Every structure is written in structure tokens, then in C-alpha cells.
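Participant: Here you go, sequence then predicted model.
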Amino acid sequence: MTTNKETKTDIFDTSNSGPDFFIRRCVVEDLDEVIDINEQELPEDYPYFFYKSILDNFPECFLVAQNERGRIIAYIMWRVEKAPSINSLKYINKGHLVSIAVSERARRKGIGKSLLLHSMKAIKKYKIHEYVLEVRVSNYTAIRLYEKFNYKIESIKKNYYRDGENAYFMTLNAKHF
Ligand SMILES: CC(C)(COP(=O)(O)OP(=O)(O)OC[C@H]1O[C@@H](n2cnc3c(N)ncnc32)[C@H](O)[C@@H]1OP(=O)(O)O)[C@@H](O)C(=O)NCCC(=O)NCCS
């Protein structure tokens with residue numbers, strides 16, 4: 001028998017999940033837990049309506065990881081932006097990673113990798129040309145994760161974060177994923 005929550009979500013192929021977690025689409029009922037993880041794991045906080053608007057607009061690539069007890073232990077969210085192409089006057093779609101975080105106790109089990117993999121596949125439906133993201137220059141762990149997916153540092157954004165830290169702007173051509 002399935003619960004209401006299960007019928008509303010797409011559970012991804014569990015072969016790409018782990019023995020003690022699975023990846024599925026986020027639903028509105030998950031947002032409080034997602035916000036708790038964000039507040040514990042990252043200095044960048046957003047108001048509820050921000051999460052809700054990302055979920056309303058790009059639900060396919062707003063994913064969560066759930067543990068065997070049904071608790072949310074990680075999330076990833078993206079938005080799609082239109083930007084001018086470098087080579088022509090045309091506007092192209094870019095997939096912009098808004099945020100990813102895994103609860104500290106659940107790290108190093110492949111959850112970050114799995115969330116990136118599934119969400120990057122899902123966002124392709126928007127015909128994006130490029131994946132882009134910002135990461136703190138000191139965030140070695142996250143940089144290693146993005147490099148695993150062949151993201152490259154394209155530039156440095158000075159004073160990008162509120163505390164003055166610089167960001168690496170990392171990109172990946174969608175053709176290469
Ligand atoms: C970055 C983060 C999402 C990784 O999540 P995770 O579930 O622990 O990552 P995974 O287990 O899938 O590991 C994926 C890869 O990341 C790298 N990595 C993860 N943790 C690492 C660590 N402590 N040291 C070095 N590399 C690490 C490795 O390359 C790893 O691949 P490997 O296991 O094959 O060596 C997690 O550390 C996190 O939530 N950090 C706090 C929030 C954050 O910084 N978000 C990114 C903002 S831009």
C-alpha cells in the first residue's frame with residue numbers, strides 16, 4: 001500500500017540510490033525539513049517563498065534524499081535562466097545550481113553525487129546549453145564533487161558571498177553530460 005506522499009512523488013531508480021537512502025522529487029510538505037538542512041549546513045539562508053517558487057517553477061530538478069526512517073537528509077535545487085550566448089545574439093537556457101546540502105551525519109555515502117546526477121538529467125528537459133554554479137573558494141569538498149562531473153572553473157566572482165568570500169564560477173557544457 002502506498003501513502004499519499006508516495007503517490008505524489010517520483011521515486012527515482014533505486015539502483016542509483018544507496019542501501020539506506022533513496023532519491024525522489026521534493027514535494028511542498030518536505031520544505032520545512034529542506035529549510036532545516038539548509039540552515040544547519042550552509043550560511044546562505046533563503047525565505048520560505050524562495051524555496052516554494054523554485055519548487056513551483058522547476059519541480060523536476062528539486063530533489064531530496066530520504067533515509068529509511070522517512071527523514072529528509074539532503075536536497076538539491078536548480079533554476080533555469082535565460083542568458084545571451086557568447087557566440088551569437090541568441091538567448092540560451094542555463095541550468096543554475098541554486099543549492100545542494102547533505103546532513104553532516106549522512107555525508108560520504110554518495111548522496112551528493114546521486115542528487116547531482118539525477119537532477120542534472122532532469123533539468124535537460126529545459127533544453128539547457130550549460131550547467132553553471134558558484135562555490136566558495138574554500139569549499140574543497142564541494143569543488144571536488146563538481147570536478148567529478150567535469151565542471152571547470154571559468155572565473156572568480158569577487159566578494160560574491162555576504163561575508164566577503166570569493167566564489168568560483170564553475171560551468172559544464174550540457175553536451176558533455
Ligand atoms: C558537498 C556535499 C554536498 C557532498 O555531499 P556527500 O553526500 O558527502 O558527497 P558524496 O558522498 O556523494 O561524495 C562525492 C564526491 O565529493 C568529494 N567529497 C565528498 N566529501 C569529501 C571530503 N570530505 N573530502 C574530499 N572530497 C570529498 C569526493 O570527490 C566524493 O567522491 P568519492 O567518494 O568518489 O571520493 C556535502 O559535503 C555538503 O552538504 N556540504 C555542505 C553544503 C555545501 O557545501 N554545499 C555546496 C555549496 S556550493
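Facilitator: Received the coordinates, thanks. Numbers count the residues shown, from 1 in each chain.

Participant: bridging residues for K82?
Facilitator: N93 (DSSP bridges).

Participant: which residue does the protein bring closest to the ligand?
Facilitator: G112 (2.6 Å; CB to the nearest ligand atom). The way it works is simple: take the backbone N, C-alpha and C, and place the C-beta from them, glycine included.

Participant: Give the other helices and strands that the helix or strand containing that residue contacts.
Facilitator: Here G112, judged by DSSP states H and E, is contained in helix 111-122. Applying 3 or more CB pairs under 8 Å, 6 or more residues apart in numbering; DSSP states H and E, one finds that helix 111-122 contacts strand 21-25, strand 63-67, strand 72-84, strand 91-102, helix 140-148.

Participant: what's the most buried one of those?
Facilitator: Among those, the stretch with the highest mean neighbour count (mean count of other CB atoms under 10 Å) is strand 63-67, at a mean of 23.

Participant: For that one, what is the distance to the chain centroid?
Facilitator: 12 Å (CA atoms, centre = their mean, to the nearest Å).

Participant: Can you list the strands that it pairs with?
Facilitator: Paired neighbours of strand 63-67 in the sheet (DSSP bridges): strand 21-25 (antiparallel), strand 72-84 (antiparallel).

Participant: need the residues of this protein near the ligand, please.
Facilitator: 41-42, 100-102, 107-113, 135, 139, 141-142, 144-145, 148 (CB under 6 Å from any ligand atom).

Participant: Mind putting the strands paired with strand 63-67 into TSV with mean pLDDT?
Facilitator: What follows is the strands paired with strand 63-67, written out as TSV (pLDDT from 0 to 100):
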stretch	mean pLDDT
strand 21-25	95
strand 72-84	95
